[in-house]
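Trainee: My questions concern the predicted model and sequence given below.
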Amino acid sequence: MVQNVASVIADLEPEDFYLLSGVEQGMRFSEYVNREKLPEYSRLTAEDVDYRLDRCEDRGLVERKTIQYEGFKLTFEGYDALALHAFAERETFDGVGAPLGVGKESDVYEVRSYRPLALKYHREGYTNFREVMKEREYTADRDHVSWLYTARKAAEREYETLEALYPDVSVPQPIGQNRHALVMEKVDGIELSRTKLTDAQVVPVMELILAEMATAYAEGYVHADMSEYNVFVTEQGVVVFDWPQAVPTDHENARELLERDVENLVGYFARKYPSHVDDVDVPELAATLAEDSFESVTEFTA
C-alpha cells in the first residue's frame with residue numbers, strides 16, 4: 001500500500017535509492033536482475049550492494065529469486081518508492097492521505113499540497129501481464145517488456161492525453177508524472193455509476209458527457225473506454241477521467257472506438273433510466289460527435 005511505502009521512505013538513505021534505481025535499470029533486460037550486475041547498474045560497491053539489498057528486501061521493496069543465478073526484481077512497492085521519492089524531490093506534494101479508489105489497473109490516493117491533489121499509480125501488467133501485452137499498443141514494439149515498462153507507458157500516455165485535453169475538455173488538471181505514477185487535480189464529485197439523477201437531470205447529464213466526447217475528438221482523442229465508471233458528476237457539470245487507453249483520432253480504429261464509447265454510454269443511461277432514454281441511433285450520433293456538430297441527443301432518438 002502507498003501509505004506503507006510513504007512511511008518506509010523516511011527510513012531510506014540515498015544509497016538505497018541508487019540500489020532501487022539500479023534494479024529498475026536491470027529490469028529493462030530481464031525480469032530478475034543478476035546480483036553480480038547490480039554494482040554496475042547502481043554505481044555502488046559490491047559490499048554496499050549487499051547491504052542495500054538486505055535493507056530493501058527487509059522493507060519489501062525488492063524480491064529475491066535463485067534461478068541460474070541469484071536475481072532481484074523490484075516489487076510494486078519498490079517502484080512506488082522510486083516515484084514517491086521523485087515527487088518529494090520536486091516538492092510536488094508533502095504527504096500521502098487516504099485511498100480514493102483501488103482497482104485492478106490503478107490505485108488512487110489523496111495527496112497533500114497547496115490544494116488537494118490525487119496520486120494515481122498504474123498497475124497495468126503486474127497481475128495480468130500477458131493480457132495487457134496483447135491489448136495495449138504501447139508494448140507492441142518491444143521484445144522484452146516488463147510490467148514496469150507497461151505501467152510507466154500507461155501513466156505517460158494518460159498524462160500526455162490530459163495535458164493535450166485540459167482545459168478545453170473537462171478532465172482532471174494534470175500536475176506531474178514520474179514512472180508509473182501521475183499527480184492530478186482531485187475532483188470533488190460522485191462517480192456516475194453511483195449517482196441518482198432526477199428526472200430533469202438524466203438527458204442533460206448524458207448530453208454534457210457526449211459534448212465532452214465531441215470536444216475531445218475535435219482535440220484529437222477518443223477515450224476508448226467510456227463507461228459510467230469513468231465520469232464524475234460535480235456541481236459544475238461532469239468530469240471525464242481515466243484516459244490511459246485513449247487513442248488519437250488518426251488511429252485506424254478511432255471511429256469504431258468512438259462508436260463503442262457512445263454505445264456504452266447510451267446503453268448505461270437506457271438501462272438505468274429506461275423511461276427517459278429512447279432508442280438512440282448510435283452510429284449517427286457517433287458520426288455527429290466526430291464532425292463536432294452535436295447539439296442534442298433527441299435528434300437521434302426513435
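Mentor: Received, thanks.
Trainee: Lowest average confidence across helices and strands of this protein, where is it?
Mentor: helix 129-135 (a mean of 44; mean pLDDT, DSSP states H and E).
Trainee: Show the low-confidence segments of the stretch 101-250 of the chain, by residue range.
Mentor: Low-confidence segments of the stretch 101-250 of the chain, defined by pLDDT under 70: 126-145.
Trainee: quick one, helices of it?
Mentor: With DSSP state H, counting those that start in this stretch as the definition, the stretch 101-250 of the chain shows helices at residue ranges 129-135, 147-165, 202-218.
Trainee: Would you mark the buried spots in the second one?
Mentor: For helix 147-165, the neighbour count (16 or more other C-beta atoms under 10 Å) marks 147-162, 164-165 as buried. Any C-beta I mention is one placed from the backbone N, CA and C, and that applies to glycine too.
Trainee: where exactly do the strands run in the chain?
Mentor: Secondary structure of the chain (DSSP state E): strands at 33-34, 62-66, 70-74, 95-102, 106-112, 117-122, 174-178, 181-185, 190-191, 221-222, 231-233, 238-240, 247-248.
Trainee: Report the distance from the last one to the chain centre.
Mentor: In other words, strand 247-248. A distance of 15 Å separates the C-alpha centroid of strand 247-248 from that of its chain, computed with C-alpha atoms, centre = their mean, to the nearest Å.
Trainee: So which of the strands of the chain is the most surrounded?
Mentor: Of all the strands of the chain, strand 221-222 carries the top mean neighbour count, a mean of 26, counting by mean count of other C-beta atoms under 10 Å.
Trainee: got the contact list for that one?
Mentor: 161, 164-165, 216, 243, 246-249, 251, 254, 257-258, 261 (C-beta atoms under 8 Å, 6 or more residues apart in numbering).
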